[in-house]
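Novice: just coords:
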(Lines give C-alpha, C1' and ligand atoms only; values in the text may rest on other atoms or scores of the structure.)
Protein backbone atom coordinates (compact mmCIF):
# COMPACT_ATOMS: atom_id res chain seq x y z
CA UNK A 1 0.00 0.00 0.00
CA UNK A 2 3.04 2.29 0.01
CA UNK A 3 3.43 4.61 -2.94
CA UNK A 4 6.91 5.64 -4.07
CA UNK A 5 6.34 8.70 -6.27
CA UNK A 6 4.77 11.95 -5.05
CA UNK A 7 1.28 13.02 -6.06
CA UNK A 8 1.25 15.92 -8.52
CA UNK A 9 -1.22 18.07 -10.43
CA UNK A 10 -1.59 15.18 -12.90
CA UNK A 11 -3.40 13.32 -10.07
CA UNK A 12 -6.12 15.95 -9.58
CA UNK A 13 -9.53 16.41 -11.21
CA UNK A 14 -9.74 20.13 -10.41
CA UNK A 15 -8.04 22.86 -8.42
CA UNK A 16 -9.60 24.43 -5.34
CA UNK A 17 -10.60 27.43 -7.47
CA UNK A 18 -12.39 25.65 -10.30
CA UNK A 19 -16.18 25.30 -10.31
CA UNK A 20 -17.66 22.22 -8.65
CA UNK A 21 -19.41 19.52 -10.67
CA UNK A 22 -23.13 19.99 -11.12
CA UNK A 23 -25.00 19.10 -7.94
CA UNK A 24 -22.03 19.49 -5.58
CA UNK A 25 -21.91 22.39 -3.13
CA UNK A 26 -18.48 21.98 -1.58
CA UNK A 27 -15.22 20.04 -1.67
CA UNK A 28 -15.91 18.84 1.89
CA UNK A 29 -15.44 15.10 2.21
CA UNK A 30 -12.98 14.94 -0.69
CA UNK A 31 -9.32 13.92 -0.49
CA UNK A 32 -7.04 16.69 -1.66
CA UNK A 33 -3.33 16.71 -2.42
CA UNK A 34 -0.87 18.75 -0.37
CA UNK A 35 2.39 19.59 -2.21
CA UNK A 36 5.70 18.38 -0.75
CA UNK A 37 6.83 21.98 -0.16
CA UNK A 38 4.05 22.38 2.45
CA UNK A 39 5.21 19.33 4.44
CA UNK A 40 8.06 19.16 6.94
CA UNK A 41 11.05 17.15 5.71
CA UNK A 42 10.26 14.09 7.84
CA UNK A 43 6.73 13.93 6.33
CA UNK A 44 7.68 14.26 2.68
CA UNK A 45 6.16 10.96 1.65
CA UNK A 46 3.23 10.51 -0.73
CA UNK A 47 1.00 9.14 2.05
CA UNK A 48 1.27 12.43 3.96
CA UNK A 49 0.16 14.41 0.91
CA UNK A 50 -3.41 13.12 1.21
CA UNK A 51 -5.68 15.30 3.32
CA UNK A 52 -9.44 14.78 3.78
CA UNK A 53 -11.32 18.09 3.78
CA UNK A 54 -14.09 18.48 6.32
CA UNK A 55 -14.81 22.20 6.53
CA UNK A 56 -13.82 25.80 6.12
CA UNK A 57 -14.76 28.55 3.68
CA UNK A 58 -11.93 27.52 1.36
CA UNK A 59 -13.75 24.28 0.53
CA UNK A 60 -16.14 26.28 -1.65
CA UNK A 61 -14.43 27.76 -4.73
CA UNK A 62 -16.46 30.98 -4.80
CA UNK A 63 -16.26 31.86 -1.08
CA UNK A 64 -14.13 34.75 0.15
CA UNK A 65 -12.42 32.71 2.88
CA UNK A 66 -9.57 30.38 2.09
CA UNK A 67 -9.17 28.13 5.16
CA UNK A 68 -9.60 24.41 4.51
CA UNK A 69 -9.83 22.19 7.60
CA UNK A 70 -9.48 18.45 7.71
CA UNK A 71 -7.18 15.59 8.61
CA UNK A 72 -4.36 13.56 7.11
CA UNK A 73 -5.59 10.24 5.72
CA UNK A 74 -2.48 8.42 6.98
CA UNK A 75 -2.92 9.11 10.70
CA UNK A 76 -5.97 11.29 11.34
CA UNK A 77 -3.97 14.29 12.54
CA UNK A 78 -6.04 17.45 12.14
CA UNK A 79 -4.77 20.42 10.21
CA UNK A 80 -5.61 23.50 8.21
CA UNK A 81 -4.37 24.73 4.84
CA UNK A 82 -5.12 27.78 2.78
CA UNK A 83 -6.89 26.96 -0.47
CA UNK A 84 -3.86 28.16 -2.47
CA UNK A 85 -1.56 25.73 -0.59
CA UNK A 86 -3.48 22.75 -2.01
CA UNK A 87 -2.64 21.19 -5.39
CA UNK A 88 -6.27 20.18 -5.93
CA UNK A 89 -8.94 17.54 -5.44
CA UNK A 90 -7.59 14.07 -6.14
CA UNK A 91 -8.88 11.88 -8.95
CA UNK A 92 -10.75 8.63 -8.27
CA UNK A 93 -7.52 6.69 -7.64
CA UNK A 94 -6.41 9.28 -5.07
CA UNK A 95 -9.84 9.19 -3.39
CA UNK A 96 -9.61 5.37 -3.16
CA UNK A 97 -6.03 5.42 -1.86
CA UNK A 98 -6.98 8.02 0.77
CA UNK A 99 -9.87 5.82 1.92
CA UNK A 100 -7.56 2.78 2.16
CA UNK A 101 -5.10 4.77 4.29
CA UNK A 102 -7.94 5.88 6.57
CA UNK A 103 -9.20 2.32 6.96
CA UNK A 104 -5.71 1.10 7.88
CA UNK A 105 -5.33 3.95 10.37
CA UNK A 106 -8.78 3.27 11.90
CA UNK A 107 -8.01 -0.46 12.25
CA UNK A 108 -4.66 0.31 13.87
CA UNK A 109 -6.26 2.72 16.35
CA UNK A 110 -8.96 0.15 17.25
CA UNK A 111 -6.27 -2.46 17.93
CA UNK A 112 -4.37 0.00 20.12
CA UNK A 113 -7.46 0.83 22.18
CA UNK A 114 -8.23 -2.88 22.66
CA UNK A 115 -4.67 -3.45 23.91
CA UNK A 116 -5.03 -0.55 26.35
CA UNK A 117 -8.23 -2.07 27.79
CA UNK A 118 -6.43 -5.31 28.69
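Specialist: Done, it's in. Given the structure is predicted, the values throughout are model-derived calculations rather than measurements.
Novice: low-confidence ranges in this protein?
Specialist: Applying pLDDT under 70 to the chain flags the ranges 1, 109-118.
Novice: try it again at 80.
Specialist: In the predicted model, the chain carries pLDDT under 80 at residues 1-2, 108-118.
Novice: could I get the full set of helices for it?
Specialist: Assigned by DSSP state H, the helices in the chain fall at 92-117.
Novice: tell me where it has strands.
Specialist: 12-14, 31-33, 50-55, 67-72, 78-82, 88-90 (DSSP state E).
Novice: just checking, what packs against the last one?
Specialist: For strand 88-90, the helices and strands in contact under the criterion 3 or more CB pairs under 8 Å, 6 or more residues apart in numbering; DSSP states H and E are strand 12-14, strand 31-33. Bear in mind the C-beta positions are built from the backbone N, C-alpha and C, glycine included.
Novice: closest one to residue 81 among the ones you listed?
Specialist: strand 31-33 (8.2 Å; CB to CB).
Novice: now do that closest one: which elements does it pack against?
Specialist: strand 50-55, strand 88-90, helix 92-117.
Novice: before we move on, back to that, can you redo the strands of the chain as JSON lines with distance to residue 3 and mean neighbour count?
Specialist: JSON lines is the format used below for the strands of the chain (distance: least, CB to CB, whole Å; neighbours: other CB atoms under 10 Å):
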{"stretch": "strand 12-14", "distance to residue 3": "15", "mean neighbour count": "16"}
{"stretch": "strand 31-33", "distance to residue 3": "12", "mean neighbour count": "25"}
{"stretch": "strand 50-55", "distance to residue 3": "10", "mean neighbour count": "20"}
{"stretch": "strand 67-72", "distance to residue 3": "14", "mean neighbour count": "20"}
{"stretch": "strand 78-82", "distance to residue 3": "20", "mean neighbour count": "14"}
{"stretch": "strand 88-90", "distance to residue 3": "12", "mean neighbour count": "23"}
